[in-house]
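Asker: Just to be clear, the model below is a prediction. Sequence and coordinates:
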Amino acid sequence: MKKWGFLLIFILCLGVKAFNIVPFFQGEKDIIITAHNENDKVEGRTASENTQKVEILAEQIYQGNLLLVNSKYPIHSESIKSDVVNLNARNELVKGYSLFNNETYLSEEIAHKFSNMTLDAEEDGVSSFLISSGFRNFGEQNKLYKEMSSNRALPAGYSEHNLGLSLDVGSSQGKMEVAPEGKWIKENAWKYGFTLRYPEDKTDITGIQYEPWHIRYVGLPHSAIMKEKNFVLEEYLDFIKEEKHISATVNGQKYEVFYYPVTENTTINVPANLRYEVSGNNTDGVIVTVFPDNV
C-alpha cells in the first residue's frame, strides 16, 4: 500500500513539474514552446530533415514581416511592402470593416488577413471595426510628425506605418480602450498573426505610449509565442537571437523557428520538403520559419 501511495505522489509531482514547463494559453488553445539546447542545434539546424542550401543576401536583413522598426532602427527602402494598394479602390478587400477615409493604403496581403479576422469577429457579435490609418509614405509621415510633435508621432522612416504591415484599428462604437472591438483585438488578434504592438505595460521597452488601436502583422507562430510569453517585438527578437532555435506547437501544428546572423551573403540549410519563410530582423540577421506540412 505504501508503494502505491509513493507512486501516486510521484506521478502527481511529475504532473505539476510538467505543468510548469509546458505553458497553455488561457485554456483555449495549446501553445507549447521549446527552446532547444546546444546538443539539438546541429549544423544547418534542420540537418535531420531533407535539406537544401539557399543563399541569404545581406539585404535580406531588411526585408520581411519580422522587421524591428523603432527610434533606433529605421526602415530601409527594400523594407516597404511591394503590394501596397488603396483599399478604397479594392472593394473585395474591405469586408468585415469600414474605412475612415478614402485614402487608406495597406499591403494587399495584410488587408486580406485583417478582413478574414474581422469577418470571424462578426460571429462573436463584434462588427464595428474600421481602419483609421494604414500605410503612410515618408512625406505623409513627416507631415504628421511636424503636426503632432515627437510625443505623439515618429519621424519619417522610423514608424511602422511606413512598412505596410501596421494599421490603426478603430471602432464606430467608441474609443478602442472601451469598445468591444478593442477588447476583441486584444484577446484574439494573435490567432491571425497580428500583435498589439504598443501595450500598456511595455512602454519602457517600446518607447511608445499605450496604443490599443495599433496592430502589427508578424504571422504565426510568432504572434502566438509573443502572446504566450507577453513579449513585444523587441523582446521576442532578442529571445530568438539568444535561443537560436525554438519549436512552437500552436493548435496541434508544430513550427520551427531559427535565427541566423548575417553580415554578408550567407548560405544556410532549409527544408527541401516543407514550406518556409525568411525574414530579416532589421538589425543583424534573419529568422527562418518552417511551417507544418499541412499549413
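Answerer: Structure received.
Asker: ranges for the helices of this protein?
Answerer: Shown for the chain, the helices assigned by DSSP state H span residues 2-21, 108-122, 138-148, 180-188, 203-206, 222-229, 233-243.
Asker: From start to finish, how long is stretch 241-248 in a straight line?
Answerer: Taking C-alpha to C-alpha, to the nearest Å, stretch 241-248 runs 15 Å from one end to the other.
Asker: distance between it and the chain's centre?
Answerer: Stretch 241-248 sits 15 Å away from the centroid of its parent chain (C-alpha atoms, centre = their mean, to the nearest Å).
Asker: Let me know the average pLDDT across it.
Answerer: Stretch 241-248 comes out with an average pLDDT of 97.
Asker: Give me whichever of the helices of the chain is most buried.
Answerer: Greatest average neighbour count among the helices of the chain goes to helix 222-229 (a mean of 21), per mean count of other C-beta atoms under 10 Å. Using the backbone N, CA and C atoms, a C-beta is placed for each residue, glycine as well.
Asker: hmm, back to that, please convert the helices of the chain to TSV, extending it with distance to residue 75.
Answerer: Shown next, in TSV, are these (distance: least, C-beta to C-beta, whole Å):
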stretch	distance to residue 75
helix 2-21	39
helix 108-122	16
helix 138-148	9
helix 180-188	24
helix 203-206	16
helix 222-229	19
helix 233-243	14
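Asker: of all those helices, which lies closest to residue 172?
Answerer: Across those, residue 172 has its closest neighbour in helix 180-188 (8.5 Å, C-beta to C-beta).
Asker: Kindly calculate the angle that that closest one makes with helix 222-229.
Answerer: 90 degrees (axes from the mean of the first three to the mean of the last three C-alpha atoms, to 10 degrees).
Asker: Could you export helix 180-188 as PDB, keeping only the C-alpha atoms?
Answerer: Output of helix 180-188 as PDB, limited to C-alpha atoms (Å, rounded to 0.1, in the frame of the first residue of the first chain):
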ATOM      1  CA  PRO A 180     -16.000  45.700 -27.900                       C
ATOM      2  CA  GLU A 181     -13.700  45.800 -30.900                       C
ATOM      3  CA  GLY A 182     -10.700  46.900 -28.700                       C
ATOM      4  CA  LYS A 183     -11.300  44.000 -26.300                       C
ATOM      5  CA  TRP A 184     -11.700  41.500 -29.100                       C
ATOM      6  CA  ILE A 185      -8.500  42.600 -30.800                       C
ATOM      7  CA  LYS A 186      -6.600  42.300 -27.500                       C
ATOM      8  CA  GLU A 187      -7.800  38.800 -26.900                       C
ATOM      9  CA  ASN A 188      -7.900  37.400 -30.400                       C
END
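Asker: Tell me what angle that helix forms with helix 108-122.
Answerer: Using the same axes, to 10 degrees, helix 180-188 lies at 110 degrees relative to helix 108-122.
Asker: how far is helix 180-188 from where the chain is centred?
Answerer: Counting by C-alpha atoms, centre = their mean, helix 180-188 comes out at 16 Å from the chain centroid.
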